Structures are given as C-alpha cells and as structure tokens.
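J.: sequence and predicted structure are below.
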Amino acid sequence: MNFQLSHTDPNSRARAGLIQTDHGDIPTPIFMPVGTAATVKAVHIHELEQDVKAKIILGNTYHLYLRPGLDVLRGAGGLHGFNDWRKPLLTDSGGYQVYSLGHRRKIKEEGVTFQSHIDGSKHVFTPEGVMDIQRVIGADIIMAFDECTPYPCEYDYAKKSMDMTHRWLKRCVDRFDSTEPIYGHSQTLFPIVQGSTYPELRKISAETIASFGREGNAIGGLSVGEPAEDMYAMTELVTDILPKDKPRYLMGVGTPANILECIALGIDMFDCVLPTRNARHGLLYTSEGIINIRNQKWQSDYSAVDAQCPAPTSQRHSKAYLRHLFINDEILGMQIASLQNLAFFLWLVTEARARILDGSFTSWKNEMVKKVAQRL
C-alpha cells in the first residue's frame, strides 16, 4: 500500500490524498460502506460500483470467521472471490464485536475466549490467530486485534486495556511480518489507537502506535456513546501525533456532521453502519437534511429524494413513491433508501475532497454541517 498526500486545507487540517492498493486506488477522504458478513445489506455489488461509487468496503473478521467460515473463504480465493467485489477491502479485527458480546466473552492476556452469538459454541481469538484469519479473508487492509473499551470507562481499566492492546499489537506485527499473503496481492496492517476519553492515555497510545511505523493508522474506541465534543477532542489530539504522511482511519464514525468535522481534524478514512441501518427504518440522509420518509408530509411530494446528490437513485425516485414503499412494507423501499444513504455519504466525502483541493473546504463545511444535521 502507498499513500500520497496531495493537498492540505490552509484553514484546517483537512487533507486530500490517494491510497494505492493492488485492487485499485482510493481517493481520500473516503467513506467505506460496511459489509459485515460479506454483503452491504440490501445492496448489490454492481450498485455499490455504479450508483454508490464506493471505492472500498468492509468485512468483519468475527462474523466471517463464524459464517461462512475459513474453509469456504479459502476455497473461493478469499473475500474478493467470494462476493465478487474486485476493489479494495478492509477487515475489522473483530475486537469491537467481541467487546459487544458482554457476558459471552472473557478477556485475558493470551486473547479472548467467547461464545458464538449463533450457536453458543466456544472460540478463542488471539492476536496471532486474528492475523491468520485475516490472511485467509484476504482484505487489502487488515486491523490489529485490540480491546475496545466502553464509555464511560474508569481510568485504571482504560489504561490496563490500552497497555494490553499495545502488547497485542506487538504480537500482531510479529505474526503479520512472519507470514505472507495467500492470494497474490499485498496486505497492509493498521494499528489502532485506544485510551478512551483520557487525553494522557490517547497521547501515549498515539505515540506508541506511531512508533511501529506501519503504512497507516487507525483510531478506535470512539463513537461508543461519548459526547461528540469528546470525540472531536480525542481525534484532534491523536491526529496531532500520528504521522502526516500516512492515512488515518477513524473507526465507526459516523453521522454526516461527524464526518465533516473529523475531516477538518485530519481524518482520511471513515466507516459506519448508520447509512444502511437507518435506511431500513426509513431515515434518509440528504444534502438538505434528514428525512423520516414515513411521515405523512411526504405523501404527495413528487420531488426527487435528493436533487443535489448525483446518484441515479437519488434523482430517479420521488419522496412520495419511497414513502409508499415503506408504508406498504415493500422490500424495495429498504433497497432504495440504502442506496440513497450510501450514495449521499460517498458524495459528501467526494465533495469534501474537491473543496479541499480548490481551497473552499472550511466555509463549505461550516454551511454543510448545519444542513446535514437538521430534520426536514
């Protein structure tokens, strides 16, 4: 993987760059649709390519390990061969999913013992094992195994967890560097900064992660319930430390407003389930604000869902038609809404990149943050 930094906004830390992988180039800033179980829910691969214009999507180590399983993935030539997505892929290490299992898991120095949410069977994730699993999945960018702390989190626990995450990272790096990709394309390992909302811990973690000298770095443990102001403060602190010549990935963030504010703080990569999850409940993100398409006010509104977003889905279907689909529980409604939200998120980061390059980002961002956060 290679990263080229093209331009930095003079009035903020916003950056435009290009990540180059064996499966294609990724212009940054970028939003990555989440395809947890080898699929972005309700969206076909060709729609991701043509309507959404996604450049990279995610898979999840925990879910793919359980289903379809490593034998199936290896037989298909990895996740690229299994779901026929031929552009770049990123896999989360499963640390967040293990964290969310609560009483179903036990965390020790060696790794994590957990029960499958599917059938209750017991499994063990170690840093070494997670590297091996992600080799089999075959994503272009893979994540180090970490512990995601909850919010709120006591300082002592946050420090203990962070220290263990750093020790796990050393084991991940050793395993990754002693093994080879399976399918003929290169893979890149990103470490993850932790430390909850404690500035001193975030500083230590960012410095530790940076010292490993990997090709990119991630920030985890945010967007887990903390106030937005804390998320922004921790992000600003960490981006001040992480190398400027390497991509920065803020995991699990977020709303359109969150993304714009964090682009301004120097983040290059984002992912979040909100676009598709909220789409399935009729919540639409548009360039003018947020729409609950089930509301009666849209019953006779024949205007396009989003006239500014250039995606075909945004301009082809009216709000009235989409409301009709949802009121009648038609599956097509969820599909169209998912395409709208994903296309809008990709449009937003693409427009942000263009504004960074032409020097108008800060004024545009300040205006857009107000728009995209309002309910219509």
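T.: Thanks, I have the structure now. Just so it is clear, the structure is predicted and the values come from calculations on it, not from any experiment.
J.: what sits against the residue nearest the centre of the chain?
T.: The chain has Asp271 as the residue nearest its centroid, 1.9 Å off, counting by CA atoms, centre = their mean. Contacts for Asp271 (CB atoms under 8 Å, 6 or more residues apart in numbering) come out as 31-34, 58, 90, 249, 251-253. Backbone N, C-alpha and C define where each C-beta goes, glycine included.
J.: contacting residues for the residue nearest to it when sequence neighbours are not counted?
T.: Among residues not flanking Asp271 along the chain, Met32 sits closest, at 4.3 Å (CB to CB, 6 or more residues apart in numbering). Contact analysis of Met32 by CB under 8 Å, 6+ apart lists 54, 56-58, 90, 269-271.
J.: I'd like those as TSV, with secondary structure, pLDDT and distance to Asp177 appended.
T.: What follows is these, written out as TSV (DSSP: H, G, I helix; E, B strand; the rest coil; pLDDT from 0 to 100; distance: CB to CB, whole Å):
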residue	secondary structure	pLDDT	distance to Asp177
Ala54	coil	98	30
Ile56	coil	98	23
Ile57	strand	98	26
Leu58	strand	97	24
Leu90	strand	98	19
Met269	strand	98	23
Phe270	strand	98	28
Asp271	strand	97	25
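J.: what's the closest of those to Ser6?
T.: Closest approach to Ser6 among these (CB to CB): Met269, at 15.1 Å.
J.: can you tell me the SS state at the nearest residue to the closest one once chain neighbours are set aside?
T.: Counting by CB to CB, 6+ apart, Met269 lies nearest to Tyr249, which is 3.9 Å off, once chain neighbours are set aside. What DSSP: H, G, I helix; E, B strand; the rest coil gives for Tyr249 is strand.
J.: what are the contacting residues of the helix or strand of the chain with the lowest mean pLDDT?
T.: Using mean pLDDT, DSSP states H and E, helix 95-100 stands out as the lowest-scoring helix or strand of the chain, at a mean of 74. Applying CB under 8 Å, 6+ apart, the contact partners of helix 95-100 are 60, 62-63, 105, 107, 112, 114, 125, 143, 145-150, 192, 220, 251-252.
J.: show me which of those are buried.
T.: Taking 16 or more other CB atoms under 10 Å as the criterion, what is buried in the contacts of helix 95-100 is 60, 62-63, 105, 112, 114, 125, 143, 145-150, 192, 220, 251-252.
J.: need the contact list for the residue of the chain positioned farthest from its centre.
T.: Distance from the C-alpha centroid of the chain, by CA atoms, centre = their mean, peaks at Ser300 (35.7 Å). Going by CB under 8 Å, 6+ apart, Ser300 touches Ala320.
J.: so it: helix, strand or coil?
T.: Recorded secondary structure, Ser300: coil (three-state DSSP).
J.: I'd say Ser223 and Met234 touch.
T.: No. Applying CB atoms under 8 Å, one finds Ser223 not in contact with Met234, separated by 10.5 Å.
J.: between those two, which one's more packed in?
T.: Met234 (26 against 21; other CB atoms under 10 Å).
J.: need the contact list for the nearest residue to the more buried one once chain neighbours are set aside.
T.: Counting by CB to CB, 6+ apart, Met234 lies nearest to Arg202, which is 5.2 Å off, once chain neighbours are set aside. Contacts for Arg202 (CB under 8 Å, 6+ apart) come out as 193, 195-196, 234, 237-238.
J.: how about low-confidence regions in the stretch 1-150 of the chain?
T.: 99 (pLDDT under 70).
J.: show me where it has helices.
T.: Under the criterion DSSP state H, counting those that start in this stretch, helices of the stretch 1-150 of the chain are mapped to 45-47, 61-66, 70-76, 79-83, 95-100, 127-137.
J.: my guess is Leu339 meets Arg316, correct?
T.: No. Taking contacts as CB under 8 Å, Leu339 lies outside contact range of Arg316: 10.0 Å.
J.: out of these two, which sits in the more crowded spot?
T.: Leu339 (27 against 12).
J.: and that one, helix, strand or coil?
T.: Three-state assignment for Leu339 (three-state DSSP): helix.
J.: if we can go back for a sec, which of the contacts of Met32 count as buried?
T.: 54, 56-58, 90, 269-271.
J.: how close does Gly195 sit to Ile204?
T.: As judged by CB to CB, to the nearest Å, Gly195 and Ile204 stand 7 Å apart.
J.: shared neighbours of these two, anything?
T.: Met162.
J.: neighbour count for the two, which is higher?
T.: More crowded of Gly195 and Ile204, by other CB under 10 Å: Gly195, with 28 against 19.
J.: just checking, Gly266 touches Arg13?
T.: Yes. Counting by CB under 8 Å, Gly266 touches Arg13, with 3.6 Å between them.
J.: what's the overlap in contacts for the two?
T.: Joint contacts of Gly266 and Arg13 (CB under 8 Å, 6+ apart) are Thr239.
J.: with neighbour numbers in mind, choose between these two.
T.: Gly266 (22 against 18).
J.: and that one, that one's in a strand?
T.: No. According to three-state DSSP, Gly266 belongs to no strand; its state is coil.
J.: picking that back up, so can I have JSON lines of the contacts of Asp271 showing distance to Cys309?
T.: Converted to JSON lines, the contacts of Asp271 look like this (distance: CB to CB, whole Å):
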{"residue": "Phe31", "distance to Cys309": "13"}
{"residue": "Met32", "distance to Cys309": "18"}
{"residue": "Pro33", "distance to Cys309": "15"}
{"residue": "Val34", "distance to Cys309": "19"}
{"residue": "Leu58", "distance to Cys309": "22"}
{"residue": "Leu90", "distance to Cys309": "24"}
{"residue": "Tyr249", "distance to Cys309": "24"}
{"residue": "Met251", "distance to Cys309": "25"}
{"residue": "Gly252", "distance to Cys309": "23"}
{"residue": "Val253", "distance to Cys309": "20"}
